[in-house]
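Asker: Could you look at this predicted model? Sequence included:
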Amino acid sequence: MTGSTDSRGSWGSKIGFILAASGSAVGLGAIWKFPYIAGANGGGVFLLVYLACVFSVGVVMMLSEMMIGRRARKSATSAYRALGGGKWHYAGWIAVLCVFLILGFYSVVGGWTIAYIIEAIRGDVLMTDGAALEAAFSGFIGDPIAALSFTAIFLFITASIVIAGVQSGIERICKILMPTLFVLMLFLVYRSLTLPGAIDGLMYLLTPDWSKLSVRMVLDALGLAVFSLSVGAGLMIAYGSYLNRETRIVNAGLWIGFLAMLASVLAGLIILPAVFAFGVDPGAGPGLTFITMPALFAQMAGGQFLAVLFFCLLLFAAITSSISILEPAVAFLIDEYNMPRKKATLIVAVSNYLILGVPAALSFGVYAGDLSIFGKTPFDMMDFLASNILMPIGGMLAAVFVGWKIWPQIREVLLKECPAWCVVGFRFIAGVLSPLLIGAVAYFLIFG
């Protein structure tokens with residue numbers, strides 16, 4: 001079945017689509033993951049490899065999914081069925097399952113950002129004692145009431161935006177949040193670069209150390225590029241389905257890739273110079289955001305104000321991504337079951353919270369050590385299944401689908417916007433290189 005036009009919606013402008021799709025890419029993956037992964041992989045050389053991955057496999061795969069959606073004017077499951085027939089609709093089911101899993105644990109992390117804004121306003125996170133900060137963070141995520149409450153608040157904000165529709169909800173909020181996010185980032189970059197000793201962090205990020213180049217580092221960069229551009233989860237198929245036929249899709253895709261890259265670089269320029277200025281290990285890991293950065297803010301002039309801005313930045317990035325994660329599942333119910341948008345959104349949000357959000361939020365407290373699947377907490381298992389298995393499978397299927405199954409239709413679109421040599425390169429990357437590289441990343445992620 002097909003949902004009504006009002007339920008599905010469409011983008012009001014090209015810039016609105018670019019900002020919304022960029023919001024999907026400019027999430028916690030760019031601001032939270034990029035700095036510590038770059039820090040652990042040599043800085044400058046990782047940045048170069050990451051940029052190469054973004055503007056080759058990343059952008060090609062993102063464009064592929066956008067073109068699937070626009071061609072069919074449907075979300076993933078319906079689009080694969082309409083364009084490919086046979087059993088291709090199962091690729092869409094994989095995408096829907098993937099975003100449902102991601103939403104389950106992503107809402108938990110999004111809730112942390114809300115809590116830390118409150119803690120920064122109160123000044124409670126501004127301490128220089130790393131052990132005390134780690135204990136405070138562990139105590140917060142282990143508190144079942146706090147964990148469940150902030151997860152619910154974050155999911156409520158996300159659902160409220162999606163219920164409002166494509167133009168009135170997603171597009172409108174992204175037109176506000178995305179420019180605000182970049183202004184905050186630029187201000188924090190300026191403050192970080194003016195710290196004594198920050199030049200060492202700047203040089204670390206911008207100067208390649210080729211001795212750090214390795215196969216594992218390349219796979220790390222490719223995995224981050226594919227993850228940050230939302231490839232393999234059907235997000236861009238859903239967003240592409242709201243595009244009109246006149247939009248120059250290749251140009252839009254390049255802008256999205258550029259903004260995603262810019263956000264990652266700016267995040268690195270916020271965190272790494274500050275890390276070097278205060279003598280912290282740049283490869284400190286995921287705790288760099290919620291443990292290390294508060295300690296650094298505590299040592300800066302105006303640190304409390306900067307801490308509030310930083311966690312607002314994280315929240316804005318998390319929201320622009322979470323609405324893009326929720327939307328494909330909502331679009332699935334609209335397209336497949338002709339369901340009104342409000343009802344579809346409430347069903348997905350409430351069921352996700354009860355089935356996945358609750359166990360994910362309790363993974364660091366009530367369920368810590370007591371409920372594990374193959375040695376992983378519910379939070380870690382959702383992350384593992386979505387990021388390491390379903391997204392790579394979804395990415396490979398989308399690549400094969402575009403590069404082989406519907407290539408004549410894709411080629412027709414590309415020839416209107418690109419020279420012939422670009423079209424040839426696009427097919428090689430989509431049909432040959434991407435499946436091989438994404439498969440290598442999946443193998444590395446699963447088997448180490």
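Answerer: Received it, and whenever you're ready, just let me know what you need.

Asker: Please work out which helix or strand belonging to the chain has the smallest mean pLDDT.
Answerer: helix 5-8 (a mean of 56; mean pLDDT, DSSP states H and E).

Asker: Which is the succeeding secondary structure element to that helix?
Answerer: helix 14-25 (DSSP states H and E).

Asker: tell me how far that following helix is from the chain's mean position?
Answerer: 13 Å (Cα atoms, centre = their mean, to the nearest Å).

Asker: buried set for it?
Answerer: For helix 14-25, a neighbour-count test (16 or more other Cβ atoms under 10 Å) marks K14, G16, F17, I18, L19, A20, A21, S22, G23, S24, A25 as buried. C-beta: built from backbone N, CA, C; applies to glycine.

Asker: Is it possible to get CSV of these that adds pLDDT and distance to V96?
Answerer: Listed next are these as CSV, based on pLDDT from 0 to 100; distance: Cβ to Cβ, whole Å:
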residue, pLDDT, distance to V96
K14, 91, 27
G16, 93, 25
F17, 93, 22
I18, 93, 25
L19, 92, 25
A20, 93, 20
A21, 91, 19
S22, 90, 23
G23, 89, 20
S24, 86, 16
A25, 79, 20
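
Asker: quick one: which of those is nearest to L326?
Answerer: Distance to L326, by Cβ to Cβ, is smallest for S24 among those, at 10.9 Å.

Asker: Quick check: that closest one touching S322?
Answerer: No - using Cβ atoms under 8 Å, S24 is not in contact with S322; the gap is 9.4 Å.

Asker: what's the pLDDT at P286?
Answerer: P286 is assigned a pLDDT of 59 by the prediction.

Asker: Check A360 too.
Answerer: 94.

Asker: count of neighbours near the residue nearest to I438 when sequence neighbours are not counted?
Answerer: Counting by Cβ to Cβ, 6 or more residues apart in numbering, I438 lies nearest to G395, which is 4.7 Å off, once chain neighbours are set aside. Using other Cβ atoms under 10 Å, G395 has 27 other residues around it.

Asker: R245 too?
Answerer: 9.

Asker: Go ahead and report the secondary structure state at it.
Answerer: Secondary structure, DSSP: H, G, I helix; E, B strand; the rest coil: R245 is coil.

Asker: After the helix or strand that L333 is a member of, which helix or strand is next?
Answerer: Assessed by DSSP H and E, L333 sits inside helix 303-337. Downstream of helix 303-337, the next assigned helix or strand under DSSP H and E is helix 341-352.

Asker: residues of that following helix that come out buried?
Answerer: R341, A344, T345, V348, A349, N352.

Asker: Likewise for stretch 52-60?
Answerer: For stretch 52-60, using 16+ other Cβ under 10 Å, the buried residues are C53, V54, S56, V57, G58, V59, V60.

Asker: Show the pLDDT at A420.
Answerer: 93.

Asker: Excluding chain neighbours, give the residue nearest to V280 in space.
Answerer: Using Cβ to Cβ, 6+ apart, the nearest residue to V280 is T292, at 5.6 Å.

Asker: How about A442?
Answerer: P392 (3.5 Å).

Asker: any idea which helix or strand carries the one you found?
Answerer: helix 391-400.

Asker: could you dump that helix to PDB, C-alpha only?
Answerer: Below are the C-alpha coordinates for helix 391-400, written out as PDB (Å, rounded to 0.1, in the frame of the first residue of the first chain):
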ATOM      1  CA  MET A 391      24.700  -1.700   8.400                       C
ATOM      2  CA  PRO A 392      27.400  -3.400   6.400                       C
ATOM      3  CA  ILE A 393      24.900  -5.900   5.000                       C
ATOM      4  CA  GLY A 394      22.600  -3.100   4.100                       C
ATOM      5  CA  GLY A 395      25.400  -1.100   2.500                       C
ATOM      6  CA  MET A 396      26.600  -4.100   0.400                       C
ATOM      7  CA  LEU A 397      23.000  -4.800  -0.800                       C
ATOM      8  CA  ALA A 398      22.400  -1.200  -1.700                       C
ATOM      9  CA  ALA A 399      25.700  -1.100  -3.600                       C
ATOM     10  CA  VAL A 400      24.900  -4.300  -5.600                       C
END
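
Asker: Report all helices and strands that it contacts.
Answerer: helix 59-72, helix 89-122, helix 215-228, helix 434-447 (3 or more Cβ pairs under 8 Å, 6 or more residues apart in numbering; DSSP states H and E).

Asker: Tell me which residues are up against that helix.
Answerer: Helix 391-400 has contacts (Cβ atoms under 8 Å, 6 or more residues apart in numbering) with 61, 64-65, 68, 91, 94-95, 98, 226-227, 231-234, 237, 430-431, 434-435, 438-439, 441-442, 445.

Asker: Separate out the buried members of those.
Answerer: 61, 64-65, 68, 91, 94-95, 98, 226-227, 231-234, 237, 430-431, 434-435, 438, 441-442, 445.

Asker: Give me the nearest residue to the spatially most distant residue from the centre of the chain, chain neighbours excluded.
Answerer: Relative to the centre of the chain, the most outlying C-alpha is that of P196, 32.3 Å out, by Cα atoms, centre = their mean. Once flanking residues are discounted, P196 sits nearest to A277: 6.2 Å by Cβ to Cβ, 6+ apart.

Asker: dump the residue contacts of that neighbour.
Answerer: S192, L195, P196, G197, A198, D200, G201, L296.

Asker: can you do 6 Å?
Answerer: L195, G197, A198 (Cβ atoms under 6 Å, 6 or more residues apart in numbering).

Asker: Now that the last one has come up, it's in contact with I271, right?
Answerer: When you say that, I think you mean A198. No - at 10.9 Å, A198 does not count as touching I271 under the criterion of Cβ atoms under 6 Å.

Asker: Between those two, which has more neighbouring residues?
Answerer: Neighbour tally, A198 and I271, criterion other Cβ under 10 Å: the higher count belongs to I271, 31 against 20.

Asker: and the nearest residue to that one once chain neighbours are set aside, what element?
Answerer: Once flanking residues are discounted, I271 sits nearest to P35: 4.0 Å by Cβ to Cβ, 6+ apart. According to DSSP H and E, P35 maps onto helix 34-40.

Asker: ok, how many other residues are close to I389?
Answerer: Neighbour tally, I389, other Cβ under 10 Å: 16.

Asker: next one: G27
Answerer: 29.

Asker: tell me the contacts of it?
Answerer: A317, S321.

Asker: could you redo the last one with a cut-off of 10 Å?
Answerer: 33, 106, 109-110, 227-228, 230, 260, 263, 314, 316-322, 324-325 (Cβ atoms under 10 Å, 6 or more residues apart in numbering).

Asker: Just to be sure, T128 is in a helix?
Answerer: No - using three-state DSSP, the secondary structure at T128 is coil, not a helix.
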